[in-house]
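[1] sequence and predicted structure are below.
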Amino acid sequence: MKNRFRFLVLPAGIALILLAGCHRRPASLRLAARINGWPLTMQRLNQVFAEQTSSQKLQVSAAQRRMLKLSLLRQLIDRRIMLQYATRLNLTAPASQVQTRLEQIQLQQPHWPPAEQRRAARDQVILSELFQREITAHIQVSPAQIAAFYHAHAGAFHVAEPEYHLAEIMVSSSPGAVANLNNDKARTPAQARRKIEMIARRLHKGGHFAQLAEQYSENPNNAASGGDLGLIPRSALISQVPIALQQAILALRPGQVSPVIESQGRYYIIKLLGIIPAGVRRLQDPRVQAAIRQQLERNREQLLRAAFLSALRAHAHIRNYYAERILSAAGVQTP
């Protein structure tokens, strides 16, 4: 009986392998980054990557996947830095605003778990509050600045033909960088359709076009400026704009918003901000002053947002494990 319960003795190498398997992977492999001590996991990065590329039908090389993941990781890091700063400022998300955003997210991302939907809604409200407090509230344009801009760009106010001042909200299921305030991107044609219809409903109920463009438009070139496309000469509108958009624009009167327009696999809502007639536009014209003011405010906001985020990055402690692993695999020493 005394030999009944003998211990099984394993070779040393096998024992070490089994012991190693009992431990979790090191942080440098489990994490994509740390932001001021906050862990951003590879699981989260891979989830965002999958959402961004789920509608991509083409084969993507390993190098392209890594490039896109690096870009997405930068966006996730920036978002976390801003949320951490908002926490330091004790910014809170009013329950009514969170509920409104939650209802929108539930329509756009019905597959997300409820806890993730609510967290995204709260984060979006807090970021809106942060930009309003730290940036928008500090943007002022004086009459002297408007006059200085007019005289510095006098040639631009001699209009040879009518010009259309347009703004857009664009939604597409094509993969691409997320540039809107809500970090919101449609992944499939069905999601894109639901998203643009949600935006159209909000506009119909009196929603502010520029704010909705900042929050949801997927054109990285103008989402931050409220979807503003600037002035488009009539000749360019006729010769360069797709026919479906062209027809919708020409049917609008200043201040009107188009219905949803589908063109070349994308969805658009267009607002005609104004039509500038041919001739010399005088500084005394209220429309000229309003257009210059809007331009200066947009320029100022874009500058302040970029500077604000750069300053936050400079004061943050960031460890990018994913970038380090890419360098290490190539034999490049981490800076």
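    Happy to help now that I have it.

[2] could you give the bridge partners of Gly169?
    Let me fix one detail, which is that residue 169 is Ile and not Gly. Under the criterion DSSP bridges, Ile169 forms beta bridges with Ile269.

[3] wait, it sits on Ile199?
    Yes - if you go by Cβ atoms under 8 Å, Ile169 and Ile199 touch, sitting 5.8 Å apart. Where C-beta positions appear, they are placed from N, C-alpha and C, glycine not excepted.

[4] can you list residues touching both of those two?
    212, 216, 269 (Cβ atoms under 8 Å, 6 or more residues apart in numbering).

[5] of Ile169 and Ile199, which one has the most company?
    Ile169 (32 against 24; other Cβ atoms under 10 Å).

[6] residue contacts, that one?
    Here Ile169 is in contact with 196, 199, 209, 212-213, 216-217, 227, 268-269 (Cβ under 8 Å, 6+ apart).

[7] kindly reformat those as TSV containing secondary structure, distance to Gly331 and pLDDT.
    What follows is the contacts of Ile169, written out as TSV (DSSP: H, G, I helix; E, B strand; the rest coil; distance: Cβ to Cβ, whole Å; pLDDT from 0 to 100):
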residue	secondary structure	distance to Gly331	pLDDT
Ile196	helix	47	95
Ile199	helix	48	94
Phe209	helix	51	95
Leu212	helix	48	93
Ala213	helix	45	93
Tyr216	helix	43	92
Ser217	coil	42	93
Gly227	coil	45	91
Tyr268	strand	47	96
Ile269	strand	50	97
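
[8] in PyMOL, select just the buried ones from these.
    Selection of the buried residues among the contacts of Ile169 in PyMOL, burial being defined by 16 or more other Cβ atoms under 10 Å:
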select buried, resi 196+199+209+212+213+216+217+227+268+269
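
[9] can you check the pLDDT for Gln294?
    Note on Gln294: pLDDT of 86.

[10] whoops, I mixed them up, Ser55
    Reported pLDDT at Ser55 in the predicted model: 55.

[11] repeat for Val9
    pLDDT, Val9: 42.

[12] what residues of stretch 307-324 count as buried?
    For stretch 307-324, a neighbour-count test (16+ other Cβ under 10 Å) marks 308, 319-323 as buried.

[13] now do the strands in the stretch 51-200 of the chain.
    Applying DSSP state E, counting those that start in this stretch to the stretch 51-200 of the chain gives strands spanning 158-159, 163-171.
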